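S.K.: what follows is a predicted protein model with its sequence.
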Amino acid sequence: MPAKTLEELNVIYNQPIFQLLDQARAVYRDNWIDNEVQLCTLLSIKTGGCSEDCSYCAQSSHYHTGLQKEELLSIDKVMEHANRAKESGATRFCMGAAWKGVRENTPKFEQVKEIIREVAKLEMEVCVTLGDLTDRAAEELKEAGVTAYNHNLDTSPEFYPNIVTTHTYEDRLRTIRSAQRAGMDVCCGGILGMGETVTDRLRMLEILTNFNPAPESVPINCLMSMEGTPLESAAPVDVFDLLRMIATTRIALPKTKVRLSAGRAYLSKEGQAMCFYAGANSIFYGGKLLTATNPKENADMELLQTLGLNPQEPKKACMNDLQKEALASSGCC
């Protein structure tokens with residue numbers, strides 16, 4: 001699919017909303033099984049005390065949010081969560097650590113890789129978000145069993161300095177390139193509601209359409225304002241703005257999963273249903289997203305059943321040798 005220019009994305013985004021939704025639905029049906037949704041569970045394996053100053057984040061050490069700092073979880077504790085996620089129906093297990101980045105040849109990185117190796121045996125896709133990567137660190141994560149690396153762009157390069165000052169947009173892109181060179185899928189999206197314009201949102205999408213290969217998944221987050229952060233008083237995102245962004249992303253990236261992410265707890269069931277209709281085919285599943293609230297598993301399952309949607313199977317094509325070995329030994333394939 002050729003990259004989209006900002007002008008092309010503006011035309012798509014600003015058409016009458018029913019026309020936009022119909023176009024997005026047609027693109028979705030041409031590229032995806034109509035009743036499948038990817039269920040991803042997200043766990044914070046190291047919480048708080050982050051040296052970055054992301055204005056939206058309660059885990060930043062720059063702000064007084066009342067969040068209790070926690071050190072890196074033990075393997076046993078992570079596996080409790082991972083097994084529970086699998087039993088509840090999740091097909092991807094995502095792990096996030098609040099730090100600037102990881103470096104090879106450090107005890108913490110070795111512990112993270114051991115955690116990944118254990119989770120990779122559960123026949124789920126394994127996604128991590130650990131901050132900046134070197135090329136070598138990316139290769140080691142891939143070898144350990146990571147199938148996807150999350151590193152969001154958040155917004156446009158023009159607006160980014162208003163949100164973060166401790167790293168640059170180019171730093172984000174450099175890590176994404178390292179993850180792709182290592183052979184990991186890239187999960188990369190943004191946050192709506194930080195004071196950005198529609199042009200900022202579409203500029204971010206323009207950059208995503210220029211990725212080669214295209215991002216495997218694009219999370220569309222709505223800001224969940226956290227007390228103590230610079231964005232604590234931000235206004236909620238309008239549901240029609242969210243719908244337009246999801247539909248435009250679906251049209252611009254037809255073969256990419258579009259994830260209905262943070263902020264879903266504040267959406268009505270009807271609002272969520274419209275987002276699925278507009279092309280979202282992935283959600284974060286479980287009662288907590290790092291430090292933010294999320295709908296409970298039973299509520300999600302009831303909604304999916306009402307809408308006739310089923311959990312998507314793990315993407316076997318992107319599994320590494322360790323995961324394929326585990327599948328083969330279990331007699332599942």
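M.R.: Yep, that arrived.

S.K.: could you use CA atoms for every contact and neighbour count after this?
M.R.: Noted.

S.K.: just the helices from this protein, written as ranges.
M.R.: For the chain, the helices defined by DSSP state H occupy 6-13, 17-31, 75-88, 107-119, 135-144, 169-181, 198-209, 239-252, 269-277, 297-307, 321-329.

S.K.: buried ones in the longest one, by neighbour count?
M.R.: Right, the one you point to is helix 17-31. 20, 21, 23, 24, 25, 27, 28 (16 or more other C-alpha atoms under 10 Å).

S.K.: Throw those residues into JSON lines and include distance to residue 38 and pLDDT, thanks.
M.R.: Shown next, in JSON lines, are the buried residues of helix 17-31 (distance: C-alpha to C-alpha, whole Å; pLDDT from 0 to 100):
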{"residue": "20", "distance to residue 38": "23", "pLDDT": "98"}
{"residue": "21", "distance to residue 38": "21", "pLDDT": "97"}
{"residue": "23", "distance to residue 38": "22", "pLDDT": "98"}
{"residue": "24", "distance to residue 38": "18", "pLDDT": "98"}
{"residue": "25", "distance to residue 38": "17", "pLDDT": "97"}
{"residue": "27", "distance to residue 38": "18", "pLDDT": "97"}
{"residue": "28", "distance to residue 38": "14", "pLDDT": "96"}
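
S.K.: before we move on, back to that, select, out of the helices of the chain, the one closest to residue 51.
M.R.: Across these, residue 51 has its closest neighbour in helix 169-181 (15.1 Å, C-alpha to C-alpha).

S.K.: what is the most widely separated pair among the buried residues of helix 17-31?
M.R.: It's 20 and 28 that sit farthest apart of the buried residues of helix 17-31, by C-alpha to C-alpha, at 12.3 Å.

S.K.: which strand runs longest in the chain?
M.R.: Counting residues, the longest strand found in the chain (DSSP state E) is strand 36-46.

S.K.: any idea of the mean pLDDT in that one?
M.R.: On average, the pLDDT along strand 36-46 is 89.

S.K.: minimum distance to residue 41: which of the helices of the chain has it?
M.R.: helix 75-88 (6.3 Å).

S.K.: tell me the angle of the closest one relative to helix 107-119?
M.R.: Interaxial angle of helix 75-88 relative to helix 107-119 (axes from the mean of the first three to the mean of the last three C-alpha atoms, to 10 degrees): 30 degrees.

S.K.: tell me what the most centrally placed residue in the chain is bridged to.
M.R.: Computing the C-alpha centroid of the chain and ranking residues by C-alpha atoms, centre = their mean puts residue 219 first, at 4.3 Å. Note on residue 219: beta-bridge partners by DSSP bridges are residue 259.

S.K.: pLDDT below threshold where in the chain?
M.R.: Residue ranges of the chain with pLDDT under 70: 1, 48-49, 60-68, 70, 286-296, 315-333.

S.K.: can you do 80?
M.R.: The model of the chain has pLDDT under 80 over residues 1-2, 34, 46-51, 53-56, 58-71, 98-101, 225-227, 286-298, 314-333.

S.K.: quick one: residue 51 and residue 131 touch, right?
M.R.: No: using C-alpha atoms under 8 Å, residue 51 makes no contact with residue 131, being 11.0 Å away.

S.K.: more crowded one of these two?
M.R.: Between residue 51 and residue 131, residue 131 has the larger neighbour count (other C-alpha atoms under 10 Å), namely 20 against 15.

S.K.: pretty sure that one is touching residue 95, no?
M.R.: No: counting by C-alpha under 8 Å, residue 131 sits too far from residue 95 to count as a contact (11.5 Å).

S.K.: residues in contact with the nearest residue to residue 190 once chain neighbours are set aside?
M.R.: The spatial neighbour of residue 190 that comes closest, neighbours along the chain excluded (C-alpha to C-alpha, 6 or more residues apart in numbering), is residue 154 at 3.6 Å. Residues near residue 154 by C-alpha atoms under 8 Å, 6 or more residues apart in numbering: 160, 189, 190, 191, 204.

S.K.: okay if I get those residues as JSON lines plus distance to residue 309 and neighbour count?
M.R.: Shown next, in JSON lines, are the contacts of residue 154 (distance: C-alpha to C-alpha, whole Å; neighbours: other C-alpha atoms under 10 Å):
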{"residue": "160", "distance to residue 309": "36", "neighbour count": "18"}
{"residue": "189", "distance to residue 309": "23", "neighbour count": "24"}
{"residue": "190", "distance to residue 309": "25", "neighbour count": "20"}
{"residue": "191", "distance to residue 309": "26", "neighbour count": "21"}
{"residue": "204", "distance to residue 309": "29", "neighbour count": "21"}
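
S.K.: tell me the two of the residues you listed that are most distant?
M.R.: By the measure C-alpha to C-alpha, 160 and 189 form the most distant pair in those, at 13.4 Å.

S.K.: before we move on, back to that, in a markdown table: the contacts of residue 154, plus distance to residue 197.
M.R.: A markdown table is the format used below for those (distance: C-alpha to C-alpha, whole Å):
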| residue | distance to residue 197 |
| --- | --- |
| 160 | 12 |
| 189 | 16 |
| 190 | 13 |
| 191 | 12 |
| 204 | 11 |
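
S.K.: of these, closest to residue 141?
M.R.: residue 189 (20.7 Å).

S.K.: how much space separates that closest one from residue 16?
M.R.: 24 Å (C-alpha to C-alpha, to the nearest Å).
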